[in-house]
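S.K.: Below are the sequence and a predicted model; questions follow.
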Amino acid sequence: MQPSERMQGKMVRVNSFIQRDPSEGRPATQKTDVYLGYDQSKLYAVFICFDGSPDLVRSHLAPREDVFSDDIVELMLDTFHDERRGYAFIVNPLGIQWDATWNESSGFDSSWDAVWSSDGKRTDHGYVTLMSIPFKSLRFAPEDVQTWGIMLNRYIPHLNEDAYWPQLSRNISGRLNQASEATGLEHISPGRNMQFVPYFMTRRGMGLNDPGSGTASFQAQNETTMGLDSKIVLKDSLVLDATLKPDFSQVESDSPQVTVNQRYEIFYPEKRPFFLENASYFDTPFDLVFTRRIAAPDYGVRLSGKVGDYAVGALFADDRSAGELLDPIDPAASHKAYFTVLRASRDLLDQSNLGLIYTDRQFAGEHNQVGGIDGKFKLADHWSSYFQAVTSSTRDADGAYAAGPAYQFGISRGGRHLNFGSSYYDVGTDFQTDLGYVRRPDVRNTDSWLSYRFRPEGSSIISWGPSFGYDENWDHSGMLLDRTYSSSVSWSMKQQTAFGLSYRNGVEQLRPVDFDTLDSPRLYDEYNTGFWSSFGVSDAVTFGGGYNWNERINYVPAAGAPEPASGENGNVWVTLRPKGNVRIDNSYILDRVQEPDSGLNVYNNHIVRSKVNYQFNRELSLRVIAQYNAVLANPTVSSLQNTKAFNTDLLVSYLVHPGTAVYLGYNSDLQNLDPALARDPAGNLLRNRNGFLNDGRQIFIKVSYLFRR
């Protein structure tokens, strides 16, 4: 738990950590020494973590990035020293890694992966970890003498203690503006930094081909492909990414969500590697770059990074799925969509910036273009504000043209006790973004929220307090669309325990333009009351869940317009860690809608999911996911079909580091389809009450290797 004689005095020593939780401003209860140093190619950080109860230190041999149920230490670097963006590197006591980028506007983005080394070992007095971070994995200004921002963190689960050096105070808005300065970094450079990741993938399987009408059939789905991802760092700070025939077979399936009886599109986050580095450079208040819209690219090129006070980003990609989704006889079925994104922002004053953005989607004579200006301004230690103004231009295949504006602005306050925010946005009737994620046009919205947190000292309660919110939407004719009042109270306790109560009520108005089964606008009452909780009192078992009772809208009646409905929804989850290298995650989601007068169930949606991970060593793991999803509908009051699906997903991974890996996978999907693949009068494939048909299965192997110079 101390430097060797050979290393004495050769690294900078840092200690004197200060608590943020549970007692902000007080010295950490456990001693932590951090030693920092560098050579011409790497930055090194050694954390020596003492603990008065070393048997209570939590550590698991787990997949990369599964560290947050353990003791952890963190190194955060602001390499441009601009107090806007940074890198975070975290390890647990066994050296398992987690990394992310940090953005002062949007927080952590853990989709970023870097190549670096780490190690860790538990001792009789606590544990020791080592981080070794190549300068090739960082982006920084091309200067002979560097000054970086630096922040260190240690989290101790059995004490619920979160301590930082230097102190990170909730009384000051922001994180990187509270970092210390790392000086003395001289004559460092990533050098010649070129990365190439070729891959080979082959898959064998079968799947159901359903054209939506006519005859459905099973077809072999055998494919062998090769592709290449490349990365070239220019002037230490700009990154040129390119990809040919990208494949995303190893990307884990999305977390389960309820998708029935939803008025708006469900949001799923991006997980694909090519789109992830410096993704925050494309962020704006409106989500205008939602890259999951680019479903099946054959190629892509992206430039992003920092040049002086300017952050820049450019993205070009094609998408063959746009034509593949059309009927084969459609002339546009052979066409691809092409996407362009251009983004630039300039740093201003203290953690403020002003930016421009332009997006373009072209497909078979159609186009959608969006452009505008945005900015964020720090007003004081506690206060910040933002704005954005954009406009769109859209031409459809039939020649119809539309254009419309959208704008928003807001202000917020953050602090140890009082937090507040208020915003307004306006999306024009003809505004459209084919690459973004904006739920609906023709809406004006005002939204405000307020919360207060009591933080009693010397108590088992870390913090507790109420929150209040108000949200209202109306269209450009002045008609109210919805109004919601919400309130909640929550408690955060020691031993990783939290729980809360919530209540929300309001109204929603639907118009004939929203649902053509309506003859005139109709107002619906809505309310929701519920509770939630989570408990992490044991290293081996954590669990939680929540339940809500509500009055809402049945968007899927047997016929006619949406109807008022009552319902319930809830979830429960349990994570088991019977051994240090085994993790079992189980979850159950229920969503039920009922007729308020008769009490008949419109539908019951059950989602059961189990995920098991067995870690043989730091590189080799086995993951198995099994999920059952059933929608049990009453045909007398619902237009939904009774659907049942059971999916299994098995993956063996040998991950040396991001870029060099071998994946062997198998997945299979069963549904309650009629074996004859017959259709009902509405054209839907018929469903059985019982019995399953395998409508898709595949086995694949993928090999990739990182060449780095």
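M.R.: In hand now; what should we look at?

S.K.: Distance check, P157 against Q627.
M.R.: Relative to Q627, P157 is positioned 29 Å away (C-beta to C-beta, to the nearest Å). (Glycine included, C-beta is placed from N, CA and C.)

S.K.: for K31, what are its contacts?
M.R.: N15, F50 (C-beta atoms under 8 Å, 6 or more residues apart in numbering).

S.K.: Try it again at 10 Å.
M.R.: M1, N15, S16, F17, I48, C49, F50, D51, G52, H125, G126 (C-beta atoms under 10 Å, 6 or more residues apart in numbering).

S.K.: and what of D99?
M.R.: Here D99 is in contact with 64-65, 74-75, 87-91, 108, 110, 112-116, 118, 133, 137, 658 (criterion: C-beta under 10 Å, 6+ apart).

S.K.: which of those are buried?
M.R.: 64, 74-75, 87-91, 108, 112-116, 118, 133, 137, 658 (16 or more other C-beta atoms under 10 Å).

S.K.: Now do the strands in the stretch 251-400 of the chain.
M.R.: Assignment of strands within the stretch 251-400 of the chain using DSSP state E, counting those that start in this stretch yields the ranges 299-307, 310-319, 337-348, 352-363, 366-378, 383-395.

S.K.: Format those as CSV; extra columns: mean pLDDT and mean neighbour count.
M.R.: Converted to CSV, the strands of the stretch 251-400 of the chain look like this (pLDDT from 0 to 100; neighbours: other C-beta atoms under 10 Å):
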stretch, mean pLDDT, mean neighbour count
strand 299-307, 90, 19
strand 310-319, 93, 20
strand 337-348, 95, 19
strand 352-363, 96, 19
strand 366-378, 95, 20
strand 383-395, 96, 19
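
S.K.: count of residues packed around V197?
M.R.: 20 (other C-beta atoms under 10 Å).

S.K.: So it is in contact with L228, correct?
M.R.: Yes: in this structure V197 lies within contact range of L228 using C-beta atoms under 10 Å: 7.0 Å.

S.K.: quick one: common contacting residues for these two?
M.R.: T243, S704.

S.K.: How about S173, nearest residue that isn't a chain neighbour?
M.R.: In this structure, S173 finds its nearest non-sequential neighbour in G414, 4.6 Å apart by C-beta to C-beta, 6 or more residues apart in numbering.

S.K.: Show the pLDDT at the one you found.
M.R.: Looking at G414, its pLDDT is 89.

S.K.: quick one: it and R302, what's the gap?
M.R.: Counting by C-beta to C-beta, the gap from G414 to R302 is 32 Å.

S.K.: ditto for N419
M.R.: Applying C-beta to C-beta to N419 and R302 gives a distance of 35 Å.

S.K.: before we move on, what about F692?
M.R.: With C-beta to C-beta as the criterion, F692 and R302 are 42 Å apart.

S.K.: which residues touch A498?
M.R.: Counting by C-beta under 10 Å, 6+ apart, the residues that A498 touches are I462, S463, W464, S490, W491, S492, W532, S533, S534, F535, G536, G544.

S.K.: what about 7 Å?
M.R.: Neighbouring residues of A498 by C-beta atoms under 7 Å, 6 or more residues apart in numbering: S490, W491, S492, S533, S534.

S.K.: same question, F707
M.R.: Q195, F196.

S.K.: what's the answer for Y527, then?
M.R.: Here Y527 is in contact with R504, N505, N550, E551 (C-beta under 7 Å, 6+ apart).

S.K.: What is the nearest of the residues you listed to G214?
M.R.: N550 (40.7 Å; C-beta to C-beta).

S.K.: Neighbours of the closest one, how many?
M.R.: N550 has 17 nearby residues by other C-beta under 10 Å.

S.K.: from the contacts of K31, which is closest to N193?
M.R.: Using C-beta to C-beta, I48 comes nearest to N193 of those, at 31.7 Å.
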